[in-house]
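K.L.:
Need coordinates for the following:
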Amino acid sequence: MTFLCLGYLNMEQFDAVPEAEKSAVLKECFAQCEVLRATGKIKLEEGLVNTRLAKTIRPRNGRPSVTDGPFIETKEQLGGFFIVEADSIDEAVEIASKHPAALLGEQYGFGIEVRPIQ
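P.N.:
This next block holds a predicted model:
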């Protein structure tokens, strides 16, 4: 089975920290990503740029309407994703628990949602 794992954070809160602190956190994240990849179960892993650079497309009168910004306005935004191959959602959660967003950044709202792909 394949699972999409969505990494969330409070982007506004993380953007507000000094660059040195942000760099230190990211350095820890990159090191933890090596542990995650070593499971051999990660098929794809990518971070996303800040939601300020996002565009949203919605249907309006049968035509696509494009606006600046994320799809929904919320404190916690999607910051990255990865795809896991696992035998069950329990195994996917076990693997995803090695991701930095499951171990670090509690003060920045880091977290992961694990969803089976149909």
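K.L.:
who's in contact with residue 70?
P.N.:
Under the criterion of CB atoms under 8 Å, 6 or more residues apart in numbering, the neighbours of residue 70 are 51, 54, 56, 77-78. Heads up, the C-betas are built off the backbone N, CA and C, glycines and all.
K.L.:
Compile those residues into CSV and extend it with columns for secondary structure, neighbour count and distance to residue 65.
P.N.:
CSV is the format used below for the contacts of residue 70 (DSSP: H, G, I helix; E, B strand; the rest coil; neighbours: other CB atoms under 10 Å; distance: CB to CB, whole Å):
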residue, secondary structure, neighbour count, distance to residue 65
51, helix, 20, 18
54, coil, 15, 15
56, strand, 13, 9
77, strand, 22, 21
78, strand, 18, 21
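K.L.:
And the closest residue to residue 50 other than its chain neighbours, its phi and psi?
P.N.:
Closest residue to residue 50 apart from its sequence neighbours, by CB to CB, 6 or more residues apart in numbering: residue 11 at 6.4 Å. Phi and psi for residue 11, reported as degrees, to the nearest 10, are phi -60, psi -40.
K.L.:
quick one on the thing from earlier: and the contacts of residue 70 as a markdown table, adding pLDDT and distance to residue 35?
P.N.:
A markdown table is the format used below for these (pLDDT from 0 to 100; distance: CB to CB, whole Å):
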| residue | pLDDT | distance to residue 35 |
| --- | --- | --- |
| 51 | 89 | 27 |
| 54 | 93 | 29 |
| 56 | 94 | 34 |
| 77 | 92 | 25 |
| 78 | 94 | 22 |
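K.L.:
Turn those residues into JSON lines, columns for distance to residue 15.
P.N.:
Shown next, in JSON lines, are these (distance: CB to CB, whole Å):
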{"residue": "51", "distance to residue 15": "10"}
{"residue": "54", "distance to residue 15": "14"}
{"residue": "56", "distance to residue 15": "19"}
{"residue": "77", "distance to residue 15": "10"}
{"residue": "78", "distance to residue 15": "15"}
